[in-house]
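Engineer: Sequence first, predicted model second:
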Amino acid sequence: ATPTALLVGTGRGAQLGILIKGPEVLESTRRVDTVVLDKTGTVTTGRMTLQEVHAAEDALEEDVLRLAGAVEHASEHPVARAIAAGAEKRLGTLPGVDHFENVPGKGVHGRVEGHHVQVGRIFDGPLPEALEAAKEAAEDAGRTAVVVTRDGVALGVVTVADAIKETSAEAVRRLRALGLTPMLLTGDHARVARSVAAAVGIAPEDVIAEVLPEDKVDVVRRLQGEGRTVAMVGDGVNDAAALATADLGLALGTGTDAAMEAGDLTLVRGDLRVAADAIRLSRRTLATIK
Ligand code: ADP
Ligand code: MG
C-alpha cells in the first residue's frame, strides 16, 4: 500500500466527519464482518426521561418516586439522572441520602428517611403480579424499568424512556448493504434490548443483553474467538476496553473522552450512518491501492 493513497483516504474521512488515528487504521477495516453497536447513547440518544411510577398495592406512588429520586440524586448514570430530575420536578426538594453506594451495571442503594432503599436491577426476588406485569409491558415497549425496594421489600417500579436516534435504522441498513452483521450490546434487560433491536432492524439472535460493564470486552473477545473480525461502536467509559480490543474501534464524538481515546476512528457528529461510510471509504481506498 502506498502511504499517499492511504492519506487521501484519511483526508476524505475528515470531510465526512471521521477522525482517523492513523492511515494504518484503514487496513484493519477491510476484514470487518461484524459490527457491535452499544445501545445507550449509541443507537439511542441516551437522554432519558422519567415515564411511569407504579406502586405495590400497599404503597404510594409518591413514596416510590421520592425514595428512588433521593438515592438516584447521588448517581451520574443516565437512568439515575432521569429519575432524580423527574422526581424533583413532580415532588420538589428530595430528602437526603446516607451510605450511598453504586453497583455498576446494576443500580444504587442507600439510606433515606431511616430506610434502606435500593433502585435498579439489584433485587432478584419475585415481584407482586401487578408490578411484574407493568415492568414487562414497559420493557417490551423498549423502556428501562427499575425496581425500588424499601428495607428489602419491593415497593414499586419506575420506568424511563430513551429515544432511538432517527438515523439508527438507516445506519443498520447501510451496514447490512455492505454485507456486515450488526449486533446490539447492552447492560440493559434483554426485553428492552430486543425491542430496540427490532425497531432498528437487528435480529433477536444478534442481541447481547444484561452484560456487566466490565464484561463488554469479553463479548468482543468471544466473537473474535468465533473467527469474526469485529468493529465496535460505542460512546461510554464502559465501552473503552471493548473499543480498544475490537479489530476496529469507532467512538462517537458526542460521547466520552475515554471512548475517543480508545477508538481507532471517531465519528465526529455521533451519526451512526457514518460508521458504514467509514468502512466503505476504507474498502474503496484500499481497492484503489491494489
Ligand atoms: P448500558 O449498557 O445500557 O449503558 P449499564 O451497564 O450502565 O447500561 O446498566 C445496565 C442496567 O443496570 C440499566 O439498564 C439499569 O437497569 C441498571 N442500572 C444501572 N445503573 C443504575 C442506576 N443508577 N439506577 C437504576 N438502575 C441502574
Ligand atoms: Mg453507551
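Structural biologist: Sure thing, it's come through. Ligands and ions are numbered 1, 2, ... in the order given.

Engineer: Tell me where the stretch 151-290 of the chain has helices.
Structural biologist: 168-177, 190-200, 216-225, 240-245, 257-262, 273-289 (DSSP state H, counting those that start in this stretch).

Engineer: how about the second one: buried residues?
Structural biologist: I take that to be helix 190-200. 191-197, 200 (16 or more other CB atoms under 10 Å). No exception for glycine: its C-beta is placed from N, CA and C like everyone else's.

Engineer: Name the nearest of the residues you listed relative to ligand 1.
Structural biologist: Lowest distance from ligand 1 to the buried residues of helix 190-200 (CB to the nearest ligand atom) belongs to residue 192, with 7.1 Å.

Engineer: give the contact list for the closest one.
Structural biologist: Applying CB atoms under 8 Å, 6 or more residues apart in numbering to residue 192 gives the contacts 139, 142-145, 186, 209.

Engineer: One more pass at 10 Å, please.
Structural biologist: Neighbour list for residue 192: 39-40, 138-145, 159, 162, 186, 207, 209-210 [criterion: CB atoms under 10 Å, 6 or more residues apart in numbering].

Engineer: out of those, who's nearest ligand 2?
Structural biologist: residue 40 (4.1 Å; CB to the ion).

Engineer: Let's see the pLDDT reported for the closest one.
Structural biologist: For residue 40, the model assigns a pLDDT of 95.

Engineer: what about the closest residue to it other than its chain neighbours, how many neighbours?
Structural biologist: The shortest distance from residue 40 to any non-neighbouring residue, by CB to CB, 6 or more residues apart in numbering, is to residue 46 (5.2 Å). Residues lying near residue 46 (other CB atoms under 10 Å) number 20.

Engineer: lowest-pLDDT helix or strand in the chain?
Structural biologist: helix 3-16 (a mean of 61; mean pLDDT, DSSP states H and E).

Engineer: Among the contacts of residue 192, the buried ones, what's the ChimeraX command?
Structural biologist: Buried residues within those, by 16+ other CB under 10 Å, are selected in ChimeraX with:
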select :39,40,138,139,142,143,144,145,159,162,186,207,209
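
Engineer: Cross the contacts of residue 192 against strands and list the overlap.
Structural biologist: 144-145, 159, 162, 207 (DSSP state E).

Engineer: Which residues of the stretch 101-250 of the chain lie near ligand 2?
Structural biologist: Residues of the stretch 101-250 of the chain lying close to ligand 2 by CB under 5 Å from the ion are 235-236.

Engineer: any idea how far the residue nearest the centre of the chain lies from residue 167?
Structural biologist: The centre of the chain sits closest to residue 40, judged by CA atoms, centre = their mean, with a distance of 2.4 Å. Going from residue 40 to residue 167 by CB to CB, to the nearest Å gives 16 Å.

Engineer: do the same with residue 52
Structural biologist: 28 Å.

Engineer: Which positions in the stretch 101-250 of the chain make contact with ligand 1?
Structural biologist: Residues of the stretch 101-250 of the chain that fall close to ligand 1, judged by CB under 6 Å from any ligand atom: 105-108, 119-121, 144, 146, 186-188, 213, 236, 238.

Engineer: Which part of the stretch 151-290 of the chain gets nearest to ligand 1, residue-wise?
Structural biologist: Counting by CB to the nearest ligand atom, the stretch 151-290 of the chain gets nearest to ligand 1 through residue 187 (2.3 Å).

Engineer: hmm, back to that, wait, doesn't the residue nearest to residue 40 sit right on residue 162?
Structural biologist: Yes. Taking contacts as CB atoms under 10 Å, residue 46 lies within contact range of residue 162: 6.3 Å.

Engineer: what do the two both touch?
Structural biologist: 39-40, 78.

Engineer: give me the subset of these touching ligand 1.
Structural biologist: Answer for these near ligand 1 (CB under 6 Å from any ligand atom): 39-40.

Engineer: ok, of the shared contacts of residue 46 and residue 162, which one's closest to ligand 1?
Structural biologist: residue 40 (3.6 Å).

Engineer: The closest one: what's it in contact with?
Structural biologist: Contacts of residue 40 (CB under 10 Å, 6+ apart): 46, 48, 77-79, 144, 162, 186-188, 192, 196, 234-236, 238-239.

Engineer: And the closest residue to residue 136 other than its chain neighbours, how close does it get to residue 118?
Structural biologist: Distances taken as CB to CB, 6+ apart place residue 191 nearest to residue 136, at 6.7 Å, with adjacent residues excluded. Taking CB to CB as the measure, residue 191 falls 20 Å from residue 118.
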